[in-house]
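Visitor: Got a predicted model here, sequence first, then my questions.
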Amino acid sequence: MRRPYIKKLSAALISSALALSLTACGGSGPDAATRLIKRVTDGNEVTVKTDGNDLAVTNLLLVATEDGSAVVVGTIVNHAKTADALLGISAGGTTATLSGETNLVQDMPIRFEGDSANAKAVFKGVGASAGKNVQLQLAFARAGVVTVTAIIRDKRDTYKNVTP
């Protein structure tokens, strides 16, 4: 009468031990790589925290349009008390045409595209094609030049209303 109970208990213990060890979740702890994932968009992010600067560039990417242009999408925020300014954005020797807000006052974001956009940056007729990555150089008055890798997306879904 005791033997079936011991076999069931042994099987349950072995199954539990295997489940914990095979999934590797039991010993990973709070610093497991899967718990530290932040990116929720295709856009890239970079922060500049040197020499009194505190800039955050978030969700930065390009959208390819029908005419071969590439439109910048993303947000730039200056968290420092000292103001900064976006002087330009370039890629591969080509400079984007900037319009709208370029001054970076503390905690007042520059937003490229979307319902709350206050700036626009367009690389006209560069033959942009979706799926490629490009190196963007963002030039700031105080923070200097910051290089960010950005993906080029096609004009659909969230980006269907982006225009050059």
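Guide: All right, it came through fine.

Visitor: got a list of what the residue nearest to the spatial centre of the chain touches?
Guide: The chain has N44 as the residue nearest its centroid, 2.7 Å off, counting by C-alpha atoms, centre = their mean. The neighbours of N44, taking C-beta atoms under 8 Å, 6 or more residues apart in numbering as the test, are V57, N59, L60, L61, V148, T149, A150, I151. All C-beta spots, glycine's among them, are computed from the backbone N, C-alpha and C.

Visitor: Would you confirm that the fourth one contacts V71?
Guide: No - the pair L61 and V71 does not pass the contact test of C-beta atoms under 8 Å, sitting 9.5 Å apart.

Visitor: follow-up on the earlier one: could you tell me which of the contacts of N44 are located in strands?
Guide: Secondary structure from DSSP state E places V57, N59, L60, L61, V148, T149, A150, I151 of the contacts of N44 in strands.

Visitor: Of those residues, just say which sits nearest to L86.
Guide: V57 (9.9 Å; C-beta to C-beta).

Visitor: ok, of the ones in strands among the contacts of N44, which come out buried?
Guide: V57, N59, L60, L61, V148, A150, I151 (16 or more other C-beta atoms under 10 Å).

Visitor: Okay, the second one and T82: tell me how far apart.
Guide: Yep, that's N59 we're talking about. Note on N59: its distance to T82, by C-beta to C-beta, to the nearest Å, is 24 Å.

Visitor: Same question for the first one.
Guide: With distances defined as C-beta to C-beta, the gap from V57 to T82 amounts to 17 Å.

Visitor: And the third one, by the same measure?
Guide: Here L60 is placed at a distance of 23 Å from T82 (C-beta to C-beta).

Visitor: And the residue nearest to T65 when sequence neighbours are not counted, what's its pLDDT?
Guide: Excluding the flanking residues, the one nearest T65 by C-beta to C-beta, 6 or more residues apart in numbering is P164, at 4.9 Å. At P164, the pLDDT value in this model is 92.

Visitor: P164 reaches V71, doesn't it?
Guide: Yes - the pair P164 / V71 is scored as a contact, 5.9 Å apart, by C-beta under 8 Å.

Visitor: okay, and the common contacts of these two?
Guide: Residues touching both P164 and V71 (C-beta under 8 Å, 6+ apart): T65, V122.
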